[in-house]
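Novice: Need the 3D shape of this:
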Amino acid sequence: MAAGTQIAVSGASPSPRRRRRAGRGEARAGVLFALPWMIGLATFTIIPLILTFYIAQTKFQIVGPPKYIGLENYEAMWTDAAFWRSAQNTLFFAAVSVPLKLALALGLALLLNRATALSGLYRTVFYLPFLMPAVAGSVVFMLLLTPGAGPVNIILEAFGFNPPDWLRDPDSALWAIIMLSIWPLGVETLVFLGGLQNIPRDVSEAAELDSPEPWHKLWWITLPLITPMILFNLVIGIIYSFQIFAQAIVIGGTTGTPAEATLMYMVVIYRAAFRYFNVGYAAALATVLFFVVLLLALLIFRTARSWVYYEGESR
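Specialist: Purely as a prediction, here's the structure:
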C-alpha cells in the first residue's frame, strides 16, 4: 500500500506554482536568446526609421544642426519634376519587371523540377547570376548591349532585326534596365522549385490520371498548391523593385541619361542627399517610399486571403 501510494505521488503533475515558475524561466531564456536580434532590430531598423521621420520635417544639410520646417519638404515634392519623373519610371519598372520575373522563374522551376542527371548543375548555373554584384552585372550588360559590337545586337541583326541603341535611346533605356533586373532569377526559381517538390506525389499522379492535359494540371493543381511561394516572391519582388538603385545609377548616372528615362526613385533620394546635401528632403522622399511600399504590401496580403491556399486549409 505504501509503495502504491509512493508511485501515485511520484507520478502526480507539478503544482500550479511550479508550472508558473518553469514558464517564467522559459520566457526569460527565450528573451535572452532573442536579445541580440532585438538589439539589432532596434539599432539598425526602428531607431533609424524614427530618425528618418523626424529629419523629413527638417532642413538638414549635414554641416549644421537640423532646423524644423514642418511639412515643407513634402510640399516641395509637388513642384519637383524629378520626383514625378522618377516615380513614373519606378512604377512602370515594378509593374513590368515583377510579373515577368515571376513568370520566367516559375517556368525555369517547372523545367528544373524534372529529375535529370544534370539537375544539380542546372540549379547552380541559374543561381550564379544572383551572386554577381549589381555593379559588375550592370557593366557586363552594358557591354552586351553596345551598338555594333555587343552580342545582343549582333544576334538580332543576324536574324534581320534592327536593334535600337539600347542605352542612349529614351524609348529603350528603361527596357534595358528591366532586362538587367530580370537576369538574376536564382532566388525566385529556387523558392518555386521548393514549392513544386513539396507537392504530394499522390496528388500529382491523381491529377495526371484525371486529365492528361498538362495545362489542366498546372492551372488546377500546381499553381494553387504553390500560391504561398507566389505570394512570397511577389511581395519580395515589389519591395526590391521600388529600391532599384545600382543598375540605374551605373547605366544612367544621377541624371537618368538619356533624357531622364532611367531616373529611378532611389537615384533621386541619393542625389538629394549626397549631391545637393539636402538630407531633409531625401528623408521625406524615403518616407513617401516607405509608406507606398507598406501600402502595397498590406494590399497584397489583404487580397491574398482569396487566392493563397495553405495545406490543410478548408475553403
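
Novice: Show me which residues of stretch 194-207 are buried.
Specialist: The neighbour-count check on stretch 194-207 (16 or more other Cβ atoms under 10 Å) flags 195-196, 207 as buried. Placement of C-beta: from N, CA and C, glycine included.

Novice: In TSV, list those residues along with pLDDT and distance to Thr116.
Specialist: Shown next, in TSV, are those (pLDDT from 0 to 100; distance: Cβ to Cβ, whole Å):
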residue	pLDDT	distance to Thr116
Gly195	91	19
Leu196	91	15
Ala207	70	22
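
Novice: Which of the residues you listed sits closest to Ile62?
Specialist: Gly195 (46.6 Å; Cβ to Cβ).

Novice: Double-check the closest one against Met229; I have them as touching.
Specialist: Yes: with contact defined as Cβ atoms under 8 Å, Gly195 reaches Met229; the gap is 3.8 Å.

Novice: Looking at the buried residues of stretch 194-207, which are in helices?
Specialist: 195-196, 207 (DSSP state H).

Novice: Dump these to CSV, plus distance to Leu131.
Specialist: Formatted as CSV, those follow (distance: Cβ to Cβ, whole Å):
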residue, distance to Leu131
Gly195, 22
Leu196, 23
Ala207, 36
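
Novice: Helix, strand or coil: sort out the residue nearest to the spatial centre of the chain for me.
Specialist: Centroid check for the chain by Cα atoms, centre = their mean gives Ile236 as the closest residue, at 2.6 Å. Ile236 falls in the helix class when you classify it by DSSP: H, G, I helix; E, B strand; the rest coil.

Novice: And it, how far from Phe290?
Specialist: Distance of Ile236 to Phe290, computed by Cβ to Cβ, to the nearest Å: 16 Å.

Novice: How about Phe60?
Specialist: Note on Phe60: its distance to Phe290, by Cβ to Cβ, is 18 Å.

Novice: if you count what's nearby, which of those two comes out ahead?
Specialist: Taking Phe60 and Phe290 together and counting by other Cβ atoms under 10 Å, Phe60 has the greater number of neighbours (24 against 15).

Novice: and the more buried one, what does it touch?
Specialist: Shown in contact with Phe60 (Cβ atoms under 8 Å, 6 or more residues apart in numbering): 66-67, 278-280, 283.

Novice: can I get these in TSV with neighbour count, pLDDT and secondary structure?
Specialist: As requested, the contacts of Phe60 are arranged in TSV below (neighbours: other Cβ atoms under 10 Å; pLDDT from 0 to 100; DSSP: H, G, I helix; E, B strand; the rest coil):
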residue	neighbour count	pLDDT	secondary structure
Pro66	17	92	coil
Lys67	10	95	strand
Asn278	20	95	coil
Val279	20	96	helix
Gly280	24	96	helix
Ala283	24	97	helix
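
Novice: Rebuild those residues as TSV, extending it with distance to Leu185.
Specialist: Output for the contacts of Phe60, formatted as TSV (distance: Cβ to Cβ, whole Å):
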residue	distance to Leu185
Pro66	42
Lys67	47
Asn278	37
Val279	36
Gly280	38
Ala283	34
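
Novice: Just the closest of those residues to Pro170, please.
Specialist: Nearest to Pro170 among the contacts of Phe60, with distances taken as Cβ to Cβ, is Asn278, at 26.8 Å.

Novice: my read: the closest one touches Gln61, true?
Specialist: Yes: using Cβ under 8 Å, Asn278 is in contact with Gln61, at 6.5 Å.

Novice: Check the gap between Phe44 and Gly30 for me.
Specialist: Distance of Phe44 to Gly30, computed by Cβ to Cβ: 22 Å.

Novice: how far out from the middle of the chain is stretch 301-309?
Specialist: Stretch 301-309 sits 18 Å away from the centroid of its parent chain (Cα atoms, centre = their mean, to the nearest Å).
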